[in-house]
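J.: Next one to model:
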Amino acid sequence: MHLKTQTIKKANGRSYTYYRLAESYRENGKVKHRILAELGALKPEEVAYLARRFAGIAGIELGADLEELDVEGLNYFGPPVLVEHLMEVLHLSRWVEQALQGRRMKFSVVDALKVMLCAHLFKSGSRAELAVWDWQQKLFWHPHRVADLEYHHLLRSLSVLTSIKDEIERKLFLHLGELFDYTVDLVFYDLTSSYVEGVADWSELLQRGYSRDKRGDCKQIVIGLVVTEGGFPVTFRVFEGNRLDQKTLQEMVQDLQERFSIRRCIWVSDAGLLTEANVKLLQESPYEYILGMGGAENRKALKEAIAKARALPQREFKDSRFWEVELEEADSGSDEGRAPRRIVVVESDGRQQKTAAIFQRRLEKVRQAFRDLERQVQKGKYVSRETIREQAVKALHQSRVKKYFSFTAEQGRFRWTEDEQAVQDRKADAGKYGLLTRSHLKPEEVLSAYRTLLVVEDAFRVLKDLLDMRPLWHKCDDNLEGHVLLAVWSYLLYKTLETLMDNHGLELPAPRALQAIKEVRTVQVAMRGQAIWKLMKVPAEAQQAFDAVGIENLKSRFHQWADGAPAYDYQPRFANRRPAETQP
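T.: Numbers count the residues shown, from 1 in each chain. Down below sits the predicted model:
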């Protein structure tokens, strides 16, 4: 950026000078200028102030004689420094290079990975991955340090990374245990979905199914994620968009047994995975488990457990009360030496209030609809039995409380009743839920472990809201999986940053640290016709984050990389594309 002057001579013979804030850019190899703001007529001291402000941004001290200062371009310096450092801490760059030895690649997959991880961690917007061709040019070390990557190189790297995913995941899992000194006693498994805009009739993975994003109008994929108790991702799988939750468990259990050699862990999952087939699968596996109880398939067992719990002594854990109900084993001999199966019935005042309020709203919605239907039938708006019945069924559809209501529809007449006793019984048990477990944990530990399942929900929140996992914009299934892989590995870097700052005693949220690091930029200025790269002032929070993760001598790194750096040059991805009529 720089100041441009415009001198206008008026009819009275006097000349007036006006100032504009302008920006330099290149188009087809030529330097051009665009006006950013009209500043009007400025006093000499105001011009000097603005010039010194530009100089301050660039870290340059101006003498008494004011020199012309032209700020020609800004690049990101903090993001690539952080990403490269965290990849070194995790050995990610080394292992990707080792996995690709022997393959004839015409570009650096590691460099492409670095650029795309920067894009996911630091660029906002759901199309970050498709915009990395533009994004990479804004990273200070690119293309100064590596050969320029083309857009098709970035897309090609997605399928390449997917092909080595399993090998890298296993090495990362073992290294993380050594790096942060933890043992895997608990793993948490949950599912989410991510949708795609458009018809997407080319994909076998993209199907319509239950959408966690409330985009039932779009096709989607289902993603299963396993994380440790500390929130580090272990592995993930991409399933068809119409795959039911219960149908995903077998592949993940086999992964833990065969690929990660985890001998003892407790599998913790929510109610969506509790089916007879899945319980049988876990029974036959070497793993203990804790599963939330919900859904029609186990509602009867939970109801029986709640009834038994009333006769058992009540115990307390934090803000909850719980009862332990042991289940009879069909064949106790086959399970010799293993922990007995139990249902821990839990009651929470907070959960009771929330569940009862939701239940009451659903009831009231049906009541109001039935009252309105009564009035409309009395006024003659609906007369035939079929029409009245159709409206009543419509009011109950997806209400999730239809079993508490009954109605009769006749010619010109509508009557309805509510099962008040069943409603009262449901409200009394509103705060109760069950945890089915086979483990050696105490009931208090079972409850605590299940509550820690929130680490998976936190992971999905970061993946979707901060790391641009949705929506999907690719047009082949390999790249869809590669997109998810980049998001999960970005989350791995995010958790590593968060954990290192926490171990350092730094109470700084990871999103704020990333934003501060994004502000660490380099600026190219022109003084006396010479282009010079300068490092802008490093925000205090960015410096704290760098110190916490072990990044030292930031200025030395900058001077080393800036030596011989080319002039600022930014070319939009389609700037030099030939017109459509001239393309072959």
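J.: Surely residue 187 is within a strand?
T.: Yes: according to DSSP: H, G, I helix; E, B strand; the rest coil, residue 187 belongs to a strand.
J.: Below-threshold pLDDT in the stretch 301-450 of the chain: ranges please.
T.: 329-338 (pLDDT under 70).
J.: need the strands for it, in chain order.
T.: 315-317, 320-326, 341-348, 405-410, 413-418, 432-438 (DSSP state E, counting those that start in this stretch).
J.: Out of those, which gets nearest to residue 463?
T.: Closest to residue 463 of the strands of the stretch 301-450 of the chain, according to CB to CB: strand 432-438, at 26.1 Å. All C-beta spots, glycine's among them, are computed from the backbone N, C-alpha and C.
J.: Can you spell out which helices and strands pack onto the closest one?
T.: Here strand 432-438 touches helix 276-284, strand 288-293, helix 299-309, strand 341-348, helix 443-451, going by 3 or more CB pairs under 8 Å, 6 or more residues apart in numbering; DSSP states H and E.
J.: Now do that strand against strand 320-326: the angle between them, please.
T.: Angle of strand 432-438 versus strand 320-326, following axes from the mean of the first three to the mean of the last three CA atoms, to 10 degrees, is 40 degrees.
J.: Need the residues that contact strand 432-438.
T.: With contacts defined as CB atoms under 8 Å, 6 or more residues apart in numbering, strand 432-438 is touched by 274, 279, 282-283, 288-294, 298, 301-302, 305-306, 338-347, 351-352, 446-447, 450.
J.: hang on, the earlier thing: do you know which of the strands of the stretch 301-450 of the chain lies nearest residue 92?
T.: Comparing those by CB to CB, strand 432-438 comes nearest, at 35.8 Å.
J.: So in that sheet, which strands flank the closest one, and in what orientation?
T.: The strands beside strand 432-438 in its sheet (DSSP bridges) come out as strand 288-293 (antiparallel), strand 341-348 (antiparallel).
J.: Show the buried residues in the contacts of strand 432-438.
T.: Neighbour counting by 16 or more other CB atoms under 10 Å classes 274, 279, 282, 288-293, 298, 301-302, 305-306, 341-347, 351-352, 446-447, 450 among the contacts of strand 432-438 as buried.
J.: coming back round to it: can I get the helices and strands packed on strand 432-438 in a markdown table with distance to residue 370?
T.: Below are these laid out as a markdown table (distance: least, CB to CB, whole Å):
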| stretch | distance to residue 370 |
| --- | --- |
| helix 276-284 | 37 |
| strand 288-293 | 32 |
| helix 299-309 | 26 |
| strand 341-348 | 32 |
| helix 443-451 | 38 |
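J.: Nearest to residue 426, out of the ones you listed?
T.: helix 299-309 (10.9 Å).
J.: I'd like the distance from that closest one to the chain centre, please.
T.: 37 Å (CA atoms, centre = their mean, to the nearest Å).
J.: now the angle between strand 432-438 and it, please.
T.: 100 degrees.
J.: Kindly export helix 299-309 (C-alpha atoms) in PDB.
T.: The C-alpha trace of helix 299-309 is given here as PDB (Å, rounded to 0.1, in the frame of the first residue of the first chain):
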ATOM      1  CA  ARG A 299     -36.200 -49.600  26.000                       C
ATOM      2  CA  LYS A 300     -37.800 -52.700  27.600                       C
ATOM      3  CA  ALA A 301     -34.500 -53.700  29.300                       C
ATOM      4  CA  LEU A 302     -34.000 -50.100  30.600                       C
ATOM      5  CA  LYS A 303     -37.600 -50.000  31.900                       C
ATOM      6  CA  GLU A 304     -37.000 -53.200  33.800                       C
ATOM      7  CA  ALA A 305     -33.700 -51.900  35.200                       C
ATOM      8  CA  ILE A 306     -35.400 -48.700  36.400                       C
ATOM      9  CA  ALA A 307     -38.100 -50.800  38.100                       C
ATOM     10  CA  LYS A 308     -35.400 -52.900  39.900                       C
ATOM     11  CA  ALA A 309     -33.400 -49.900  40.800                       C
END
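J.: So which elements touch that helix?
T.: So helix 299-309, by 3+ CB pairs under 8 Å, 6+ apart, packs with strand 320-326, strand 341-348, strand 432-438.
J.: Figure out which of these is closest to residue 105.
T.: Closest among these, using CB to CB: strand 432-438, at 47.6 Å.
J.: Dump the closest one to CSV, keeping only the CA atoms.
T.: Extracted C-alpha coordinates of strand 432-438, given in CSV (Å, rounded to 0.1, in the frame of the first residue of the first chain):
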residue,chain,number,x,y,z
LYS,A,432,-33.2,-41.4,34.2
TYR,A,433,-31.0,-43.1,31.7
GLY,A,434,-29.1,-46.3,31.6
LEU,A,435,-25.5,-47.3,30.8
LEU,A,436,-24.9,-50.9,29.8
THR,A,437,-21.4,-52.0,30.7
ARG,A,438,-19.2,-55.0,31.0
